[in-house]
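A.B. asks: this one's structure only:
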């Protein structure tokens, strides 16, 4: 990642909080301790940031017994870890640049399951992505118990850990909290550390006030008050920032200003802000030119995206919010409309199975497979199946497919940002057309260069796919170049810098 | 209904539009033409209003061949009908007070089915009540066709009929359009009749802008522009009025003012307003003292609401928005919590089967029956079943039950108003407690005197039922008296008067 300049007048010590840790300690079969980098875009970005900061501490969840064991070897202080490609624990006196002190928070497993497996996912996730209809959820004793004996105490434990790190850093740190797991942390940190500057970034969409009425006031008001403990609550889009303020206005009766994007609470002003998250362009391009990716591009070109045949790509978790079933339905409808394209276009879907312990997710995976079978069966006379569905997680393959595809389809019902769209446009080499849902955060920046789709409208998505496949080469090239330019200018470093500059004001 | 005073400076001719007609002509088995009053609260209220107006015309849908035949007997002019208890066609020179000229609009049956059975119900109804989740709707060719070849031409036909009546009345009439069937009428009427004062009342909730993103811009923008052809767009609640303006702001980019509740469009100012609809208190109380009702009260008292046994009541259509399944689940949970109440409380549910040709409604009726069976089976040792489910439509029985119940449960997921709550509080004689969803329009006026429920929270609803059943007699009495007072002051005549006074400004 590019260097980030810390504004002069920000508190120097920074305390980060994320649920996922930047490193995972495990014990291998031969009894040796191993350490691996944490997965996921956010943790990677925060790792790159944290290693640039002079004075930083990172609070995160212990992911297993070995994390707890490592923490126990450093009683009363965070674990100094060099967050390099091969992360390792170092001595507290180490002067290596990449060393970040990590505070692992361990909570009882059943409490964590209630916090994570009942409240955060699926309840908050479903509400914030608008996935519930009339028939669900049913909130009963299990959900109330999961809130009061799961989400609340886990948030308290993390808040106390953050507060202790703030105190250890002198009391006036910059606190940067992350995501929907921790809506109750800021309020509690503020009580203990009134001099801290507290911010929280929410990476999933914030819905309108009515969506929050799925929860009783005993939950929704507590979540909102918890978040209002921040000085800044940040989102990826202006829409989410506005809806957060409308929620504070309608559900708590607070005074908000939709022009300045602020809300008054207890004599303080809380700012809602938006900063679209991005990617590390240089490191993605480096990966794209690696042998692992180049080999896979070769393979895709021979087998899928060759000659007259165009390749449509999607890369997603199997989450109902990603709208995979309707995307295939639209593809099937387009083939019916344009039989001349059968055999001249393939749809590669790289789908990472997700949360299969949640019934809705298991059912969704089945629905995806059923839809694919219906469409492929219709074209059993072709040399190959129109849809190539692969339930795998293979980053080099995904990057190779970004590079080799002619159309990238992102038709999410709603998505906080969607980094797949940003990744594909900076590495694609086939003048790919982006087919992009209006309800993704990415549409804010890339909508002008994409074919916009409306996620419930299968007819419109079918027409959009056809438009993308038949768009003139020059327009494709210009759109892709302009889209890549947007991402190059607003990369992950710019995302951090904008937040830090704002916080310094 | 009480007399309504028409403000002096309103245009005298009034043109009403509702889908349902105030009278239905049929031909009986012996070949004689019959005429009956139209059913439903809105039509009854509009009938009472229209018969008070000096110069009024009413445009409505022809409900069958006999309506068309009657209309054909009056070519080029509306049918003068005396809207008395036994309605009848009269001569055009009749000077009876109750005569209202009716303009029956007849559209081809397949077009009407697309307009009514595909777009209005269920699509608009489901969107506006938040009943869709991630898995529905799928908008395909059928829905696009139903819009362009159903909703649009039917709206055009009604708009043309309204415009012709305005022109016949001299061009500067007051136009009062009703409900979600006719979102495209006002814009077209305005083009033909620029001097008309046009208002539309929407009787179902208006959701936030994000809910409208279920529809593609080709539909949602057309609906919004159509509505913005009005001078005033009216709802039952302030929340709906605000969300209508937010929709115009976010989906059309128009300039809105949330303080004055206005939006600027094409150099005009459109006002969003709210007037909570009400009931005709005197006529309901008259019905409550009729023999039919008194006999049924007697019957209920002997069989259900006697002695130590309390009666919980609900009266609803079997619509998923009414939240009937969760209501029974909450009742079952309360009985588990308080086994001492088993045998001392019964739940009478008077449910009118609704829209059973729509698959979601058929499934919902099954789910209701299944839930009732599960709970009743648990108490097979009692002398009677805890839940008495009756799938019937019997107004005298409903009014008798309003009178005889101890608790009225209205736990709708969301409801534009809910007149059941208002009806029950003015005729109840047992100091009934109102258990009322926060998401009903009625909660705006009656929430202070009710036990509020949060519709997805079964635990909270169970506790609320218990609280209602055990509330001290004096508090019950005071709350019921205050609630009835609110409805007496804001009855149906006040609802009309407020609108007319505002329109006159």
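C.D. replies: Good, I have the coordinates. On a predicted model such as this, the values are computed, not experimentally measured, just so you know. Numbering: from 1, shown residues only, chains lettered A, B, ... in the order given.
A.B. asks: Count the residues that sit near residue A:13.
C.D. replies: Other residues within reach of residue A:13, judged by other C-beta atoms under 10 Å in any protein chain shown, total 21. Glycine gets a C-beta too; all of them are placed from N, C-alpha and C.
A.B. asks: contacting residues for it?
C.D. replies: Residues in contact with residue A:13 (C-beta atoms under 8 Å, 6 or more residues apart in numbering or on different chains) are A:55-57, A:166, A:169-170, A:172-174.
A.B. asks: Residue A:440 touches residue A:420, doesn't it?
C.D. replies: No. The criterion here is C-beta atoms under 8 Å, and residue A:440 misses it with residue A:420 at 9.4 Å.
A.B. asks: So for the two, which sits in the more crowded spot?
C.D. replies: Neighbours were counted for residue A:440 and for residue A:420 using other C-beta under 10 Å; residue A:440 has more, 29 against 25.
A.B. asks: Please determine how far that one is located from chain B.
C.D. replies: To chain B, residue A:440 is 12 Å away according to C-beta to the nearest C-beta, to the nearest Å.
A.B. asks: ditto for residue A:24
C.D. replies: Using C-beta to the nearest C-beta, residue A:24 is found at 31 Å from chain B.
A.B. asks: what's the helix or strand hosting that residue packed up against?
C.D. replies: Using DSSP states H and E, residue A:24 maps to strand A:23-27. In terms of contacts (3 or more C-beta pairs under 8 Å, 6 or more residues apart in numbering or on different chains; DSSP states H and E), strand A:23-27 is packed against strand A:33-37, helix A:65-72.
A.B. asks: contacting residues around the most centrally placed residue in chain A?
C.D. replies: With distances taken as C-alpha atoms, centre = their mean, chain A has residue A:203 as the residue nearest its mean C-alpha position (5.8 Å). Contacts for residue A:203 (C-beta under 8 Å, 6+ apart) come out as A:42, A:178-180, A:236, A:277, A:416-417.
A.B. asks: can you rerun that using 10 Å?
C.D. replies: Residues in contact with residue A:203, defined by C-beta atoms under 10 Å, 6 or more residues apart in numbering or on different chains, are A:41-42, A:178-180, A:234-236, A:240, A:277, A:416-417, A:441.
A.B. asks: about what we covered before: with mean neighbour count as added columns, please give the helices and strands packed on strand A:23-27 in JSON lines.
C.D. replies: Shown next, in JSON lines, are these (neighbours: other C-beta atoms under 10 Å in any protein chain shown):
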{"stretch": "strand A:33-37", "mean neighbour count": "14"}
{"stretch": "helix A:65-72", "mean neighbour count": "16"}
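A.B. asks: tell me the SS of the residue in chain A that chain B sits nearest to?
C.D. replies: Across chain A, the shortest distance to chain B (C-beta to the nearest C-beta) belongs to residue A:133, at 2.8 Å. Three-state call for residue A:133 (DSSP: H, G, I helix; E, B strand; the rest coil): coil.
A.B. asks: Got the phi and psi for it?
C.D. replies: According to degrees, to the nearest 10, the main-chain angles of residue A:133 amount to phi -110, psi -150.
A.B. asks: tally of neighbours for it?
C.D. replies: Residues near residue A:133, counting by other C-beta under 10 Å, number 18.
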